[in-house]
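> How does the following fold in three dimensions:
(chains A and B)
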Number of protein chains: 2
Amino acid sequence: MTQHSHQTAPTQFVEANGVRFAYRRFGKAAEVPLVFNMHFMGTMDHWDPAVTDGFAKEREVILFDNAGVSRSSGDVPGNFTEMGANAIAFIKALGLNRVDVLGFSIGGLVAQEITLQAPDLVRRLVLVGTGPRSGESMDTGTPEGREIFGATYRHPDDLWLRVHFTPSEFSQAAGRKFLKRFRFRGIDRDPEVTEKAALAQRTAIAKWGAKREHAWDYLKGIKQPTLVVNGSNDVVIYPINSYILQQNLPNAQLIIYPDSAHGSLYQYPGLFVRHVSMFLSAADPWAP
Amino acid sequence: MTQHSHQTAPTQFVEANGVRFAYRRFGKAAEVPLVFNMHFMGTMDHWDPAVTDGFAKEREVILFDNAGVSRSSGDVPGNFTEMGANAIAFIKALGLNRVDVLGFSIGGLVAQEITLQAPDLVRRLVLVGTGPRSGESMDTGTPEGREIFGATYRHPDDLWLRVHFTPSEFSQAAGRKFLKRFRFRGIDRDPEVTEKAALAQRTAIAKWGAKREHAWDYLKGIKQPTLVVNGSNDVVIYPINSYILQQNLPNAQLIIYPDSAHGSLYQYPGLFVRHVSMFLSAADPWAP
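I've put the predicted structure just below:
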């Protein structure tokens, strides 16, 4: 039975870890829900309905604002360890003890933390447009990323055209379609993140990206089957970081899509949902 | 209508370019056949029936021995330009003017040459366990590859266990299954390649791999939608070469499979056939 959709799911609240978490839950009731972790400066309304509703046909989808983001109370911690702990508290507060976790951009860093801190909670992991600790240009951010996030835009949404899509005509056309889709939900929308929240996220990113010795050893601790996805021309988190994730995770598959940037999942929502669904639905993720 | 299979397809012959080419053709009659290009020292019988018959359910599959290999007459040229020209002559001699091309290992170098020399002949391209001109360690071969091909084995087939699979228990178990499958065709098998043919292939590999300036610019000339596939731990042609292919081809998707080596397509035949079939079957390969 499918209940609600990206457009109609009411925003609900649950208390955990001293935080009142805002979340939405929709899709076909299934054994293992898929929990989405959002990117820098993003709220539940920055997800693409073509992606979330695509998954919702076959499984339950859970969107949420982590602590201090948009309608969730509390503060954004200055590190991903605590963001991961908050996410775990939220998931457990829903009464769930087994979930699939999808993380996009810094949501992928939260997803890694969830998996490391609560390995029994996570069945399978999907990491999109993200990277490892001490990944390439992840401490300071890339020069392109700093320019994109620092610029001013005629319409605030135009920022996402540059973050998520390449300058090519093909990619920009896909971007304009995405911008329409992500504004389609007309009521009960999340307020934008505050400057304070964004600054705390930046602090956390700098700590995550800081250079360390044997930086990637920790990835050996993520035993879950993992699907790593990126765009060929992601200038916010370089795609070599996805390659590094795949090479260092013990059980990961990598997919890189053509002529695409940070938002490859929004550029190819049909292909992305199909690839990820194959990975999540099969009893053995590598033998569907 | 499906005709024949990997096991039953008779070996046929066609003359072109002064060469008598041995080939087999089977599967469901469809508009665009899939032409397979084989690895170093390989014959038609080194393909995995789980892969070829997997594709044959939906499309026509064509295996062949290139010039000088096994039952095909002529000599193996000492460069991939001529191997590509021979492959084109073979395909045209079958009366075909539009094909999909799959190349595995040095077959991927032939596949690139086919596409560059006869762009109108090729609809889509699949490159497995291969690399670009001047790819990393492609001139001399990798140290691991030299050791593996230089060693002696109790049974000659055991060479392929080391070439195509990682040392892990999981991968070796998949390898033993593959060795059974590829010996299952009992009659009308190809003779092994001669030492002379293998030496000419080595000469061609050294030329292909030689360092040059702007080595990867030529990839911009391959406009066809391309799917690049590799194993995470390919020690014969390092997977970074697949990443380089994806990053430099104008319209390519990359897939890297976990805990797998040169023969990732033989380790995950079901997943490989499904991923490639999605890519080949859709009207738009990136929006199935």
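> now for the strand of greatest length in chain A, which elements pack on it?
Ranked by residue count, the top strand of chain A under DSSP state E comes out as strand A:19-28. With contacts taken as 3 or more Cβ pairs under 8 Å, 6 or more residues apart in numbering or on different chains; DSSP states H and E, strand A:19-28 sits against strand A:2-3, strand A:12-16, helix A:49-56, strand A:60-64, helix A:80-93. Every residue, glycine included, has its C-beta placed from N, CA and C.
> Strands of the stretch 101-250 of chain A, residue ranges please.
If DSSP state E, counting those that start in this stretch is used as the criterion, the strands of the stretch 101-250 of chain A fall at A:122-128, A:226-231.
> The shortest one versus strand A:122-128: what angle between them?
Taking axes from the mean of the first three to the mean of the last three Cα atoms, to 10 degrees, one finds strand A:226-231 and strand A:122-128 inclined to each other by 10 degrees.
> Centre of the chain to strand A:226-231, how far?
Its chain's C-alpha centre lies 11 Å from the corresponding centre of strand A:226-231 when counted by Cα atoms, centre = their mean, to the nearest Å.
> check contacts around the residue nearest to residue A:134 when sequence neighbours are not counted.
Among residues not flanking residue A:134 along the chain, residue A:215 sits closest, at 3.4 Å (Cβ to Cβ, 6 or more residues apart in numbering or on different chains). Residues near residue A:215 by Cβ atoms under 8 Å, 6 or more residues apart in numbering or on different chains: A:132-134.
> top of these by neighbour count?
Among these, the one with the most neighbours (other Cβ atoms under 10 Å in any protein chain shown) is residue A:132, at 24 neighbours.
> so what's it scoring on pLDDT?
pLDDT recorded at residue A:132 is 98.
> show me the contacts for it.
A:215-216, A:219, A:241, A:244-245, A:248.
> out of those, which are inside helices?
Of the contacts of residue A:132, the ones assigned to helices by DSSP state H are A:241, A:244-245, A:248.
> Does residue A:284 belong to a helix, a strand or coil?
coil (DSSP: H, G, I helix; E, B strand; the rest coil).
> what sits against it?
Counting by Cβ under 8 Å, 6+ apart, residue A:284 has no contacts.
> What does it show for phi and psi?
Dihedral angles of residue A:284 (phi, psi; degrees, to the nearest 10) stand at phi -110, psi 110.
> Any idea which residue is closest to the centre of chain A?
residue A:104 (2.3 Å; Cα atoms, centre = their mean).
> ok, for that one, nearest residue in space, not its chain neighbours?
Using Cβ to Cβ, 6+ apart, the closest residue to residue A:104 is residue A:128 (4.6 Å).
> Just the pLDDT for that neighbour.
On pLDDT, residue A:128 comes in at 98.
> now swap in the one 10 residues further on and tell me
At residue A:138 the predicted local distance difference test score is 96.
> What parts of chain A come near chain B?
Chain A comes close to chain B at residues A:225, A:232, A:239-240, A:243, A:246-247, A:249-259, A:268, A:270-271, A:274-275, A:278, A:286-288, as judged by Cβ under 8 Å from any Cβ of the partner chain.
> Let's see the PyMOL selection covering just the buried ones among these.
Entered in PyMOL, the line below selects the buried ones among those, by 16 or more other Cβ atoms under 10 Å in any protein chain shown:
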select buried, chain A and resi 225+232+239+240+243+246+247+249+250+251+252+253+254+255+256+257+258+259+268+271+274+275+278+286+288
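> so of the residues of chain A next to chain B, which ones are in helices?
A:240, A:243, A:246-247, A:270-271, A:274-275, A:278.
> Closest to residue A:55 out of the residues you listed?
Residue A:55 has its nearest neighbour among these in residue A:274, at 10.5 Å by Cβ to Cβ.
> Identify the residues contacting that closest one.
Neighbour list for residue A:274: B:278, B:288 [criterion: Cβ under 8 Å, 6+ apart].
> who's the closest residue to residue A:64 other than its chain neighbours bridged to?
Closest residue in space to residue A:64, ignoring its immediate chain neighbours: residue A:23 at 3.8 Å, by Cβ to Cβ, 6+ apart. According to DSSP bridges, the partner residues bridging residue A:23 are residue A:12, residue A:64.
> now the helix or strand following the longest strand of chain A: mean pLDDT?
As assigned by DSSP states H and E, the chain's next helix or strand after strand A:19-28 is strand A:34-37. In this model, strand A:34-37 carries a mean pLDDT of 98.
> Just checking: what are the partner strands of strand A:34-37?
For strand A:34-37, pairing defined by DSSP bridges yields strand A:60-64 (parallel), strand A:99-104 (parallel).
> how about a markdown table for those, with mean pLDDT added?
Below are these laid out as a markdown table (pLDDT from 0 to 100):
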| stretch | mean pLDDT |
| --- | --- |
| strand A:60-64 | 98 |
| strand A:99-104 | 98 |
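> Out of those strands, flag the one nearest residue A:92.
Once those are compared by Cβ to Cβ, strand A:99-104 is nearest, at 9.9 Å.
> Check which residues of that closest one are buried.
With burial defined by 16+ other Cβ under 10 Å, the residues of strand A:99-104 counted as buried are A:99-104.
> can you check stretch A:29-39 too?
A:33-39.
> Distance to residue A:93 for those - can I get that in TSV?
Listed next are these as TSV, based on distance: Cβ to Cβ, whole Å:
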residue	distance to residue A:93
A:33	14
A:34	17
A:35	12
A:36	16
A:37	16
A:38	18
A:39	23
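> Just the buried positions in stretch A:206-219, please.
Applying 16+ other Cβ under 10 Å to stretch A:206-219 flags A:208-209, A:215-216, A:219 as buried.
> got the CA positions of it in PDB?
Presented in PDB, the C-alpha positions along stretch A:206-219 are these (Å, rounded to 0.1, in the frame of the first residue of the first chain):
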ATOM      1  CA  ALA A 206      36.700  21.800   7.400                       C
ATOM      2  CA  LYS A 207      37.300  19.300  10.200                       C
ATOM      3  CA  TRP A 208      36.200  16.300   8.100                       C
ATOM      4  CA  GLY A 209      38.400  17.400   5.200                       C
ATOM      5  CA  ALA A 210      41.500  18.200   7.300                       C
ATOM      6  CA  LYS A 211      44.500  16.200   6.100                       C
ATOM      7  CA  ARG A 212      45.500  13.300   8.400                       C
ATOM      8  CA  GLU A 213      47.700  10.200   8.200                       C
ATOM      9  CA  HIS A 214      46.200   7.000   7.100                       C
ATOM     10  CA  ALA A 215      43.000   9.000   6.500                       C
ATOM     11  CA  TRP A 216      41.100   6.400   4.600                       C
ATOM     12  CA  ASP A 217      41.800   3.400   6.900                       C
ATOM     13  CA  TYR A 218      38.400   4.100   8.700                       C
ATOM     14  CA  LEU A 219      36.600   3.100   5.500                       C
END
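> quick one: average confidence on that stretch?
Here the average pLDDT along stretch A:206-219 is 97.
> give me the number of residues near residue A:92?
Counted by other Cβ under 10 Å, the residues lying close to residue A:92 total 16.
> Tell me the bridge partners for the nearest residue to it once chain neighbours are set aside.
Distance criterion Cβ to Cβ, 6+ apart; nearest residue to residue A:92, sequence neighbours excluded, is residue A:16 at 6.9 Å. As for beta bridges, residue A:16 partners with residue A:19 under DSSP bridges.
> Wait, residue A:16 touches residue A:85, no?
No. Applying Cβ atoms under 8 Å as the test, residue A:16 and residue A:85 come out as separate, 10.2 Å apart.
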